[in-house]
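only geometry, no sequence info:
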């Protein structure tokens, strides 16, 4: 299996359009230790021919042009993009679908909840239903990823519930409950015995999630914030990471601690917020995560399993 | 008045994600005579401080980063983008609004028809209504473009009906009628006596449109196709330009002929489809439009009136 990180940043990207914080200024100034990153998305393929996107970031058009594996190769009109699988209905996971118009066939994989979000927004009808097939992902149920001509791609997909917060409109107080009901999902991609996990959003690491991750060859995991109170300390937001449904990298309940001792061969942070110092190659926090055996995802990062 | 072309291409951009046509291959190969272009959008400013976008292309995040005038300069969070005005509700005019989230104040200017399109898609509620003010543009009625703190920007905006086709869902036969009812609009921006026209979509040039354009200092005009049957000849589509509601550059009813003798100081093609050979600096068609006194818009093109 091959995978390419199309974008490694959280929603807003790095730099974020309205952020004048020091890290974003470094990125805009061309500092090589603070390279820009687009919003989180992964491309996976078994054969290097048919590719499947995990999430469609708002930056998708730019991401396609930056990655030759996604350029059309056949005829006048074609695309190696055979399908798109979504982990949810947030803007940073779905807006890129609007860049896949032009009546080009592919298959859209999502849970019923996420299909419902798309169906509630007529703008997504630019993906004509006679051209872009919708397929439903069911929790803990593997299906084959097929090309639009129904040729098996050699990849299998299975989604699973991940701890997340309840939607904003169901929140009742300052500390929303963490739920694991399929509102937030992770995606596992398999090719033969190889297993890849894609979890751009996760609120905490439970025993159930650990059991799912154990034995994976590669996990791309929520690296939104380094510290739970990072946004507050930087004066960027009144919300903690926990409040936003995102685990921290550090801390006793963070990702480094949660993965400690877990049998995952390779672990990479993705969905990294512009406030997270692991984006900066010369930061102490970057050194810390690398010392703990993690890598920090970057745009164009190629992975082979 | 200053203006910057953020993107000069039609919907899909250049190259287009699923086009393997020769021109798109040249762009991907880095051919300097076929430079890439993002989707049509213009930034305008009277003072170089407060900027207003005309249309929000899907590429907006990339366009902001490519143009330093749109980078935040004050505090931790800010933006010089004071407002966005829309010529319609098509994907290539509105998708970029999804990149302007993060609770940053600006004003959204559109006709009621276009506001209705946005209101029908809950995803645009990421532009929280207590932060992003909606203002209504009324045909042939000038209003001041203000900053979010209600400071006049020195610019005035007025929209006007432009010939266009009826919406797809109202089409009844192969040759949809051309209407001039406000479904398709152009935008005029004024700063003192200076007049700029932005018309990325126009089906034909009527006497009424000519009267509106006469005396303008700069017009950015629909350059979607060079020839009406271009998409058919290239095997890209069964539709003529006329069928899509776009005038051609060439021909007795085209833009070159229509503007001939019109008192417009500077005229630039924008919204140029990837099939249009004027994108290629070494084409005969490029030479022809330049000989006729036109310029071909490109990303980052700076204009001073």
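Perfect, I can see it now. What you see is a predicted model, and the numbers here were worked out from it, not measured in a lab.

so where's the stretch 51-200 of chain A uncertain?
A:167-176 (pLDDT under 70).

Residue A:94 contacts residue A:115, doesn't it?
No: judged on CB atoms under 8 Å, residue A:94 makes no contact with residue A:115 at a distance of 10.7 Å. From N, CA and C alone the C-beta is placed, and that goes for glycine too.

Neighbour count: those two, which is higher?
The residue with more neighbours, out of residue A:94 and residue A:115, is residue A:94; 26 against 19, by other CB atoms under 10 Å in any protein chain shown.

Run a quick neighbour tally on residue A:193.
Residue A:193: 8 neighbours (other CB under 10 Å).

now do residue A:44
For residue A:44, using other CB under 10 Å, the count is 26.

where's it relative to chain B, distance?
18 Å (CB to the nearest CB, to the nearest Å).

all helices for chain A, in order.
Taking DSSP state H as the test, the helices found in chain A are A:22-28, A:60-66, A:91-94, A:112-119, A:207-213, A:230-233, A:241-244, A:255-259, A:284-291.

Report the buried residues of the fifth one.
Read that as helix A:207-213. A:209, A:212, A:213 (16 or more other CB atoms under 10 Å in any protein chain shown).

Am I right that the last one is in contact with residue A:262?
Going back to what we said before, that points to residue A:213. Yes: using CB under 8 Å, residue A:213 makes contact with residue A:262 at a distance of 6.0 Å.

residues in contact with residue A:202?
Residues near residue A:202 by CB atoms under 8 Å, 6 or more residues apart in numbering or on different chains: A:162, A:163, A:164, A:184, A:186, A:209, A:221, A:222, A:246, A:247.

quick one: contacts for residue A:135?
Neighbours of residue A:135 in contact, by CB under 8 Å, 6+ apart: A:107, A:108, A:109, A:143.

do residue A:147 as well
So residue A:147 contacts A:50, A:82, A:83, A:153 (CB under 8 Å, 6+ apart).

again, only this time at 7 Å
Contacts for residue A:147 (CB atoms under 7 Å, 6 or more residues apart in numbering or on different chains) come out as A:50, A:82, A:153.

Can you tell me how far the residue lying closest to the first one once chain neighbours are set aside is from residue A:75?
By that I understand residue A:50. In space, not counting the residues next to it along the chain, residue A:50 is nearest to residue A:82; the distance is 4.1 Å by CB to CB, 6 or more residues apart in numbering or on different chains. Between residue A:82 and residue A:75 the computed distance is 15 Å (CB to CB, to the nearest Å).

In terms of neighbours, single out the busier of the two.
Between residue A:82 and residue A:75, counted using other CB under 10 Å, the more crowded position is residue A:82 (22 against 11).

residues in contact with the more buried one?
A:50, A:51, A:52, A:106, A:107, A:147, A:148, A:153.

Including distance to residue A:137, could those go into a markdown table?
Shown next, in a markdown table, are the contacts of residue A:82 (distance: CB to CB, whole Å):
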| residue | distance to residue A:137 |
| --- | --- |
| A:50 | 18 |
| A:51 | 18 |
| A:52 | 12 |
| A:106 | 15 |
| A:107 | 11 |
| A:147 | 17 |
| A:148 | 17 |
| A:153 | 15 |
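
now that we have those residues, which one has the most neighbours?
residue A:52 (27 neighbours).

and it, what are its bridge partners?
Note on residue A:52: beta-bridge partners residue A:44, residue A:83, judged by DSSP bridges.

quick one: it and chain B, what's the gap?
15 Å.

For that residue, give me its contacts.
Residue A:52 neighbours (CB under 7 Å, 6+ apart): A:44, A:82, A:83, A:85, A:145, A:153, A:155.
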